[in-house]
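Asks: Sharing a sequence plus its predicted fold:
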Amino acid sequence: MLAGRMKAPRHVGAENISDAAFITSTQHRDLSCPMSSLQGYVDRRVELILQDGRVIIGILAGFDQKSNVVLSASKERVYSMDEGVEEIPLGLYLVKGDMIILIGELDEEIDQSTDLSTIRAEPLPPVRY
């Protein structure tokens, strides 16, 4: 029941607490409820992994109810076993929500201290359904 929502527990004598006051683990996985989970990432540096295997880094500038996101100062990281990580500047970038597999906040201190030219890794394969 990934897309379902759990109702707030009702106890005898409980005050009239709205269902919005309760956040469940189901709601955190619920793709139809992205607003609450993405709001905390606005104006922060994030990494997106897309269905086609691309890795995009940027500042989350905004999003909508369909999880479409706008990134500013974005770049694509291209991984290779032969060379270090290549970064391709993208600038202001719009990503359709249905292409996104993962959004995570980057620790800027760790990211800036990492020498990407020394990293060798296979590119991520596209997701197959």
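Replies: Received, thanks. Numbering: from 1, shown residues only.
Asks: What strand or helix carries the residue most central in space within the chain?
Replies: Note on the chain: the residue nearest the mean C-alpha position is Ile103, at 1.2 Å, using Cα atoms, centre = their mean. Assessed by DSSP states H and E, Ile103 sits inside strand 100-105.
Asks: picking that back up, now do the residue nearest to the centre of the chain against Leu50, distance only.
Replies: 10 Å (Cβ to Cβ, to the nearest Å). Just so you know, the C-beta spots here come from the backbone N, C-alpha and C atoms, and that holds for glycine as well.
Asks: again with Ile57
Replies: Relative to Leu50, Ile57 is positioned 12 Å away (Cβ to Cβ).
Asks: quick revisit: which pLDDT does the model give the residue nearest to the centre of the chain?
Replies: The model reports Ile103 with a pLDDT of 95.
Asks: right, and it touches Arg44 too?
Replies: No - using Cβ atoms under 8 Å, Ile103 is not in contact with Arg44, being 10.3 Å away.
Asks: Now for these two: what residues contact both?
Replies: The overlap between the contact sets of Ile103 and Arg44 (Cβ atoms under 8 Å, 6 or more residues apart in numbering) consists of Leu60.
Asks: ok so, going back, so what's the gap between the following helix or strand past the strand holding Ile103 and the chain middle?
Replies: Once the chain leaves strand 100-105, the next helix or strand it forms, by DSSP H and E, is helix 108-113. Averaging C-alpha positions (Cα atoms, centre = their mean, to the nearest Å) puts helix 108-113 18 Å from its chain's average.
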